[in-house]
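1. Any chance you could fold what I've pasted below:
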Amino acid sequence: MRKYSNTQIALHWAVVLMITVQWWTAAAIPRTHSPLLPPSAWDLFQHKVHNYCGMTIGVLIALRVALRFARGSWSGFRLSNWKDHTAAFVHWGLYAALAAQAFTGFVAAYYWGPAAAVHKTIWNVTLALISIHVAAAAWHGFRRDQVLSRMFPSKQA
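-> Residues are numbered from 1 along each chain as shown. Have a look, this model is predicted:
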């Protein structure tokens, strides 16, 4: 089983951290657009963090996919059973959902507000895929089959 590079691992965990930030800052977005109450300075700050973090996630996902192809990570990947197919579907689904979220969030924030509805719908898809991904990671951890060790840094050259 091929280990990911430390750069790929760092990008993975950076995206995980930023998704957590997105979760915490999302509630400020509707408050900054309320016609009834002026937004607080804290809400405006959270809105900016949410926007810039979302754009950064989009860039990091593009880098992750590029690195995956550059390292040939898929060339030796076998799709011999339903678990391999599911893993590939979930990984590529996460890449696509996160890229689509970054794109629709950018469009909603800077060009066309109604894209926010699509952005929210994609978030639900993203949450479902993250849930499957985390459940699978927990299962691999429970089984101690070394799959999780691929996602932690090592002293490789």
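2. isn't A87 right next to A136, touching?
-> Yes: in this structure, A87 is within contact of A136 by Cβ atoms under 8 Å, at 7.1 Å. All C-beta atoms are positioned from the backbone trio N, CA, C, and that covers glycine.
3. okay, now A138: neighbour count?
-> 11 (other Cβ atoms under 10 Å).
4. Then K48?
-> K48 - counted by other Cβ under 10 Å - has 14 other residues nearby.
5. tell me which element it falls in.
-> Take DSSP states H and E as the rule and K48 turns out to sit in helix 41-70.
6. just checking, what packs against the next helix or strand after that helix?
-> Sequence-wise, the next helix or strand downstream of helix 41-70 (DSSP H and E) is helix 82-110. In terms of contacts (3 or more Cβ pairs under 8 Å, 6 or more residues apart in numbering; DSSP states H and E), helix 82-110 is packed against helix 41-70, helix 115-143.
7. got the angle between helix 82-110 and helix 115-143?
-> If you take axes from the mean of the first three to the mean of the last three Cα atoms, to 10 degrees, helix 82-110 sits at 150 degrees to helix 115-143.
8. Now helix 82-110: buried residues?
-> 87, 90-91, 93-109 (16 or more other Cβ atoms under 10 Å).
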